[in-house]
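> Quick check, what structure comes out for this input:
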Amino acid sequence: MTTWKYMTAQFVTAGLGSQEQAAKLQDEITALGLYGWELVSSNVYHNHDIGQDVLLLFFKKPVDAGERGA
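Below you'll find the predicted structure:
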């Protein structure tokens with residue numbers, strides 16, 4: 001049976017409508033993928049304290065046998 005570990009990442013956006021913002025986000029997600037993290041879900045919410053939208057991403061990757069204590 002596969003055991004998973006999970007991680008969330010938050011990205012404050014000025015809007016993802018610009019190609020530059022989208023490319024930067026893609027680079028950051030790709031970097032996480034190189035470390036074995038798989039994007040499984042996302043959500044966007046407006047943070048009223050800072051007046052900007054925040055992209056919340058959920059990632060998972062398998063737990064290595066050494067991390068499980070096996």
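> pLDDT value on residue 28, please?
pLDDT, the model's per-residue confidence, is 93 for residue 28.
> Give the buried residues for the helix ranked longest in the chain.
Longest helix of the chain, by residue count under DSSP state H: helix 19-34. Buried positions in helix 19-34, judged by neighbour count with 16 or more other C-beta atoms under 10 Å: 29, 32. (C-beta placed from N, C-alpha, C; glycine too.)
> Give me the contacts around that helix.
For helix 19-34, contacts defined as C-beta atoms under 8 Å, 6 or more residues apart in numbering pick out 9, 11, 13-16, 39, 55, 57, 59.
> After it, which helix or strand is next?
Sequence order places strand 38-47 as the next helix or strand after helix 19-34, per DSSP states H and E.
> what's the distance between the helix or strand following that following strand and the middle of its chain?
Using DSSP H and E, the helix or strand that follows strand 38-47 in sequence is strand 52-62. Relative to the centre of its chain, strand 52-62 is centred 3 Å away, using C-alpha atoms, centre = their mean, to the nearest Å.
> Mind giving me the packing neighbours of strand 52-62?
strand 4-13, helix 19-34, strand 38-47 (3 or more C-beta pairs under 8 Å, 6 or more residues apart in numbering; DSSP states H and E).
> and whatever helix or strand comes next after it, how far out from the chain's middle?
Using DSSP H and E, the helix or strand that follows strand 52-62 towards the C-terminus is helix 65-68. Counting by C-alpha atoms, centre = their mean, helix 65-68 is centred 23 Å from the centre of its parent chain.
> Likewise for stretch 10-22?
Its chain's C-alpha centre and that of stretch 10-22 lie 14 Å apart, by C-alpha atoms, centre = their mean.
> Kindly export it (C-alpha atoms) in PDB.
Output of stretch 10-22 as PDB, limited to C-alpha atoms (Å, rounded to 0.1, in the frame of the first residue of the first chain):
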ATOM      1  CA  GLN A  10       0.500  29.500  -1.400                       C
ATOM      2  CA  PHE A  11       1.200  31.900  -4.200                       C
ATOM      3  CA  VAL A  12       0.000  35.500  -3.800                       C
ATOM      4  CA  THR A  13      -1.000  36.700  -7.300                       C
ATOM      5  CA  ALA A  14      -1.500  40.000  -9.000                       C
ATOM      6  CA  GLY A  15      -3.700  38.000 -11.400                       C
ATOM      7  CA  LEU A  16      -2.600  35.100 -13.500                       C
ATOM      8  CA  GLY A  17      -3.800  36.900 -16.700                       C
ATOM      9  CA  SER A  18      -0.300  38.000 -17.600                       C
ATOM     10  CA  GLN A  19       2.000  35.600 -19.400                       C
ATOM     11  CA  GLU A  20       4.900  36.600 -17.000                       C
ATOM     12  CA  GLN A  21       2.900  35.600 -13.900                       C
ATOM     13  CA  ALA A  22       1.700  32.300 -15.400                       C
END
